[in-house]
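1. need a structure here:
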Amino acid sequence: MPVLSTDEFIELDNNNRRRGLESIVSVMNRIISSSFGSSIDDDSVGTALRNGDNIGFLEKDGQIVACGFGGTDVANGKYKKMYIHSFAVDHDYRQQGLCQKIVKEFIHMFGKKYILYLTVRTQEDNINHSAIRCYEKNGFIMLEQVYRDHSDGKNNAMIRLPTPVKRSRNKTRKIRKK
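-> Numbering: from 1, shown residues only. Okay, here's the model as predicted:
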């Protein structure tokens, strides 16, 4: 499963179209639209491309079945920040842990250097329990008092702090000797 920069994604999509394959943009927009309904922009991929976001997707059975985005914030502190968003899984492939897989890939690529954050629907009559479980399994914690009204209702913020880089035993011994 790749997580690509904007330029890499555009190149891949252009190559697919030259080979007569359906545009990846169209496939991903369909998945997102069916997952979020009318509460999200119909051209989510186009918006991500214009914003310079990283774009991740997961293929299964020869087709794209899950996707998500990550946009970096301007660095102003010890850690960089990345807003990950719009994770969606094709209806026929839900309940297979695919959201967790794609989130893990973003963590693998960016989790050592970035504070990852997102918002998730917590509207009392419409809580997105499966997404919350997915994010919690990946080390995100809910910030109870940080929320915003979104097109699908109340959303709370969740964050994941950077994973410290593990030092080898030899490197740790050298540091202790100093």
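
2. What are the contacting residues of stretch 78-93?
-> Outside stretch 78-93, the residues that touch it by Cβ atoms under 8 Å, 6 or more residues apart in numbering are 31-32, 34-36, 40, 44, 48, 60, 64-73, 75, 96, 98-99, 102-103, 106, 110, 113-119, 131, 134, 162. All C-beta spots, glycine's among them, are computed from the backbone N, C-alpha and C.

3. Show me those residues that map onto helices.
-> 31-32, 34-36, 44, 48, 98-99, 102-103, 106, 110, 131, 134 (DSSP state H).

4. thinking again about what came up before, weed out the non-buried ones from the contacts of stretch 78-93.
-> 31-32, 35-36, 40, 44, 48, 60, 64-70, 72, 98-99, 102-103, 106, 110, 114-119, 131, 134, 162 (16 or more other Cβ atoms under 10 Å).

5. sorry, back to before: what's the farthest-apart pair in the ones in helices among the contacts of stretch 78-93?
-> 34 and 110 (26.8 Å; Cβ to Cβ).

6. Can you name the residues bridging to the nearest residue in space to residue 122 that is not next to it in sequence?
-> Excluding its sequence neighbours, the residue lying closest to residue 122 (Cβ to Cβ, 6 or more residues apart in numbering) is residue 156, at 4.4 Å. Beta-bridge pairing for residue 156 (DSSP bridges): residue 120, residue 147.

7. neighbours of residue 156, just the number please.
-> Other residues near residue 156 come to 19 when the count uses other Cβ atoms under 10 Å.

8. Check the gap between it and residue 53 for me.
-> 22 Å (Cβ to Cβ, to the nearest Å).

9. Likewise for residue 93?
-> Remark: distance between residue 93 and residue 53 (Cβ to Cβ) = 23 Å.

10. So for these two, which residue has more residues nearby?
-> Under the criterion of other Cβ under 10 Å, the comparison of residue 93 against residue 53 puts residue 53 first, with 25 against 18.

11. ok, that one - contacts?
-> Going by Cβ under 8 Å, 6+ apart, the list of residues near residue 53 reads 6, 69-71.

12. Columns distance to residue 22 and pLDDT on top of these, output as JSON lines?
-> Output for the contacts of residue 53, formatted as JSON lines (distance: Cβ to Cβ, whole Å; pLDDT from 0 to 100):
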{"residue": "6", "distance to residue 22": "20", "pLDDT": "94"}
{"residue": "69", "distance to residue 22": "20", "pLDDT": "96"}
{"residue": "70", "distance to residue 22": "24", "pLDDT": "96"}
{"residue": "71", "distance to residue 22": "25", "pLDDT": "95"}
